[in-house]
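# just a sequence and a predicted model for now, questions to come.
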Amino acid sequence: MSETSADKKSLRLTARQGSWEQLGSWCRQVRHKVFVEEQQIPEEEEWDAQDPLSTHYLLLLNDRPAATARLTPDGKVGRFAVLAQLRRKKLGLRLMQRIEEDARRQGLKKLELNAQTEVADFYRHLGYRVSGEEYLEVGIPHLPMSKSLVADLQKDSSLTREELLEALQTTQEVRLQGREQIQLAVELLIHQAARSLRMETPEFMQRWFASEAFTPLLSLAKRHAHSRVEFLLGETRQFSRQSSPLLNLHQRAPSHIEIRRAHSLYRPSQQAYLLVDDKHLLWWPHYQEPRVELFTADHREAYRQSQKFKLHWQKGEVVKHLQSNHL
């Protein structure tokens, strides 16, 4: 169970998420007041088999239950309830933001919900769209709604530096296309790095790196004893024949800017990825194409790739001929 708090004057808002076993007694209080007492929904309709399977979210105001919702394993938001006296205080907004961040962290690409028609505008303002016809559930009109959690930027789109920096603050998946967009993403990720930068690629991709992007790498590598700048290449002989900022940095400081050749069992063929602090991931489905996916802020995919990289790095080979421009 996780927990965060925010203080404002005498009010203390605490957010929690966890299982039904952990939070059910609190969630039940809010749902009973809103759905059973206020909306007159039969109590036997309120509790179902999804509760033990779902992740539950709870807002406590001064340690008292104020709002709740659940997220089922297949990405459906439900049982969304805020106590009547606390509505219009943005508690619902806080709750939905937390659910969406957690859903992105889980790797979900889409959220679905069944909104009571009279509050559908609340969800519209959050980016949800009606996905079906209105219907009755327990005598109340509902609209099915959904929202994609993947921001898809087409080739002619322009993502500003500020927008990309903002994207790095929350867990999400963003698709980028075009050389300038990829170069911008690489540059900002390098500048964001606090502890480590790791890359695995079939061959080094100078085309995606502006020369000035390498300036912070050496300072990152020397920042402290636990800093890591590691490049794992499928091909190194051609790379050693070409002058590049990365090779120059490696030759100046081989103990800080490390390059290894991937083991034959793990040698990449098409895909490539860049990891920053093991929390941000830039992934190329095909390393030569100007199309990438960016997974940000501890996304589950970034964690998965970081574990894979560490295994591949351990099996990688130190390449002596990279110490000099001469073979």
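Arrived safely.
# point out where this structure drops to low pLDDT.
Residue ranges of the chain with pLDDT under 70: 1-10, 151-158, 323-327.
# hmm, 80 instead?
1-11, 150-159, 210-213, 242-243, 320-327 (pLDDT under 80).
# and the helices in it?
Along the chain, counting by DSSP state H, helices occupy 20-31, 43-46, 91-106, 120-125, 161-167, 179-192, 215-221, 237-241, 245-252, 300-315.
# in the fifth one, which residues are buried?
Read that as helix 161-167. By neighbour count on 16 or more other Cβ atoms under 10 Å, the buried set for helix 161-167 is 164, 167. Heads up, the C-betas are built off the backbone N, CA and C, glycines and all.
# which other helices and strands contact that helix?
helix 179-192 (3 or more Cβ pairs under 8 Å, 6 or more residues apart in numbering; DSSP states H and E).
# run through who's touching the helix it packs on.
153, 157-159, 161, 164-165, 168, 176, 197, 207-210, 212-214, 216-217, 220, 274, 276-277, 280, 282, 290, 292, 294 (Cβ atoms under 8 Å, 6 or more residues apart in numbering).
# with only the CA atoms kept, save it in CSV.
Extracted in CSV, the C-alpha atoms of helix 179-192 (Å, rounded to 0.1, in the frame of the first residue of the first chain):
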residue,chain,number,x,y,z
ARG,A,179,14.8,13.6,-36.5
GLU,A,180,14.4,16.9,-34.7
GLN,A,181,11.9,15.5,-32.2
ILE,A,182,14.2,12.5,-31.5
GLN,A,183,17.3,14.7,-31.1
LEU,A,184,15.4,17.0,-28.7
ALA,A,185,14.3,14.0,-26.7
VAL,A,186,17.9,12.6,-26.5
GLU,A,187,19.3,16.0,-25.6
LEU,A,188,16.8,16.5,-22.8
LEU,A,189,17.1,13.0,-21.4
ILE,A,190,20.9,13.4,-21.2
HIS,A,191,20.5,16.7,-19.4
GLN,A,192,17.9,15.1,-17.0
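# chain center to that helix: distance?
In terms of Cα atoms, centre = their mean, to the nearest Å, the centre of helix 179-192 is set 17 Å apart from its chain centre.
# returning to what we had before: the contacts of helix 179-192 in strands, which ones?
Taking DSSP state E, the ones among those that sit in strands are 176, 197, 274, 276, 280, 282, 292, 294.
# wait, the third one sits on Leu294?
What that stands for is Leu274. No - with contacts counted by Cβ atoms under 8 Å, Leu274 stays clear of Leu294, the gap being 9.6 Å.
# picking up where we left off before, could the ones in strands among the contacts of helix 179-192 go into a markdown table alongside neighbour count and distance to Thr72?
Output for the ones in strands among the contacts of helix 179-192, formatted as a markdown table (neighbours: other Cβ atoms under 10 Å; distance: Cβ to Cβ, whole Å):
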| residue | neighbour count | distance to Thr72 |
| --- | --- | --- |
| Leu176 | 22 | 30 |
| Leu197 | 24 | 37 |
| Leu274 | 25 | 33 |
| Val276 | 26 | 32 |
| His280 | 23 | 28 |
| Leu282 | 23 | 31 |
| Val292 | 25 | 31 |
| Leu294 | 26 | 27 |
